[in-house]
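Undergrad: Provided below are the primary sequence and the corresponding predicted coordinates.
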Amino acid sequence: MDAHSCVSALEEAIAVYGKPEIFNTDQGSQFTGNLFTGVLIENEIKISMDGKGRAMDNIVVERFWRSLKYDEVYLKDYNDMPECWKGIGSYIQKYNSFRPHSSLGGITPDMAYGDIQDIKLVS
């Protein structure tokens, strides 16, 4: 993951979804450099960075990525990117709509937070 690909993803997300009030990252060099922080500053987005050695700050997101990798990505041999996007999109749909979560008292995220099907993946 280099700074240019992170900036490209950030700019695409802003173009598609609008700018957030605040953006949180870890202290990786791709996020702390002028290239990435410059886009945030230019768009008047507040910058939030996790403290050094604070892996627990992102525990929920890290757990989701682990689940996605081990339950979907590592088990599949995608032939191309469209197939990959379809597989990951299907996994996220199941994760949010059908998979009960112990941290939510055994209900799905959609039940806890409302139906979020309006959100689309940035491709």
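TA: Great, that's in hand. Residues are numbered from 1 along each chain as shown.

Undergrad: what helix or strand is Asn79 located in?
TA: Using DSSP states H and E, Asn79 is not contained in any helix or strand.

Undergrad: how close does it sit to Gln93?
TA: Computed with Cβ to Cβ, to the nearest Å, the distance linking Asn79 and Gln93 is 21 Å. Using the backbone N, CA and C atoms, a C-beta is placed for each residue, glycine as well.

Undergrad: what does Ala112 give?
TA: For Ala112, the distance to Gln93 equals 16 Å [Cβ to Cβ].

Undergrad: three-state assignment of Ile59?
TA: At Ile59 the chain is in helix, as set by DSSP: H, G, I helix; E, B strand; the rest coil.

Undergrad: pLDDT score for Glu42?
TA: On pLDDT, Glu42 comes in at 96.

Undergrad: neighbours around it, how many?
TA: Here the number of neighbours of Glu42 (other Cβ atoms under 10 Å) works out to 9.

Undergrad: contacts only, for Asn79.
TA: Contact analysis of Asn79 by Cβ atoms under 8 Å, 6 or more residues apart in numbering lists nothing.

Undergrad: backbone phi and psi for it, please?
TA: phi -80, psi -30 (degrees, to the nearest 10).

Undergrad: distance of it relative to Tyr91?
TA: From Asn79 to Tyr91 the distance is 17 Å (Cβ to Cβ).

Undergrad: can you confirm Asn24 is in a helix?
TA: No: assigned with three-state DSSP, Asn24 falls outside any helix and is strand.

Undergrad: for the residue lying closest to it once chain neighbours are set aside, grab the count of nearby residues.
TA: Closest residue in space to Asn24, ignoring its immediate chain neighbours: Ser48 at 4.2 Å, by Cβ to Cβ, 6 or more residues apart in numbering. Neighbour count of Ser48, defined by other Cβ under 10 Å: 11.
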